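**Student:** sequence? don't have it. structure:
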């Protein structure tokens, strides 16, 4: 792959599930995610938080009959999946179920319909389905939407990302692959980033547009 995993997640083209649907409210607004820790490593110096880049394997089951509707190990190349926690790349119940998780930890997470696919369902998932995920987390790293990454890209510290600043960041990240540069590909990625993030079309990406979280300080 020519560009790095971090850049892929920057563009947000990876989803934990094959279909991206936010959780929907049902009549029972008090439903909660149930978390059962199956394995906890002896040492845990870093726990997952909103904005982190996670690498995990997971199996998804329907709670009513135990049938499996998803397995990351059998999808495509079978590699663990990368995604950013807390930016809507996964259903709300999974975002809750994977918070404060250690690398090497295994969990069983039960998610009510209101925090999964709601009254409509999706694909193999019927309406009003409670879901169970068995998750194994491999890595927790600083995600591309963190305040520290924003500051790293924002070279003049004006709290806005210009095309030159994003291009410089991309060039430095491309160098890590050790492969010949593809200028056309790099330009396409730069244009795609601004197309998806520069919502007001002023040629700059603000902290709000970049989705730096409110609890972070710039």
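**Tutor:** Good, I have the coordinates. All figures in this text were calculated on a predicted structure; none of them were measured in a lab.

**Student:** from here on, contacts and neighbour counts on C-alpha atoms
**Tutor:** Noted.

**Student:** which stretches of this structure form helices?
**Tutor:** Under the criterion DSSP state H, helices of the chain are mapped to 5-10, 92-97, 147-153, 163-175, 183-197, 207-210.

**Student:** rebuild these as a markdown table, extending it with mean pLDDT and distance to residue 103.
**Tutor:** A markdown table is the format used below for the helices of the chain (pLDDT from 0 to 100; distance: least, Cα to Cα, whole Å):
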| stretch | mean pLDDT | distance to residue 103 |
| --- | --- | --- |
| helix 5-10 | 46 | 18 |
| helix 92-97 | 94 | 14 |
| helix 147-153 | 82 | 21 |
| helix 163-175 | 84 | 24 |
| helix 183-197 | 81 | 30 |
| helix 207-210 | 81 | 27 |
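
**Student:** which of those sits most buried?
**Tutor:** Stretch with highest mean neighbour count among these: helix 92-97 (a mean of 21; mean count of other Cα atoms under 10 Å).

**Student:** packing partners of it?
**Tutor:** Under the contact definition 3 or more Cα pairs under 8 Å, 6 or more residues apart in numbering; DSSP states H and E, helix 92-97 sits against strand 106-111.

**Student:** rewinding a little: tabulate the helices of the chain (JSON lines), appending distance to residue 81.
**Tutor:** Formatted as JSON lines, the helices of the chain follow (distance: least, Cα to Cα, whole Å):
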{"stretch": "helix 5-10", "distance to residue 81": "10"}
{"stretch": "helix 92-97", "distance to residue 81": "14"}
{"stretch": "helix 147-153", "distance to residue 81": "21"}
{"stretch": "helix 163-175", "distance to residue 81": "20"}
{"stretch": "helix 183-197", "distance to residue 81": "21"}
{"stretch": "helix 207-210", "distance to residue 81": "23"}
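
**Student:** which of these sits closest to residue 48?
**Tutor:** Residue 48 sits nearest to helix 92-97 of all the helices of the chain, at 10.3 Å, using Cα to Cα.
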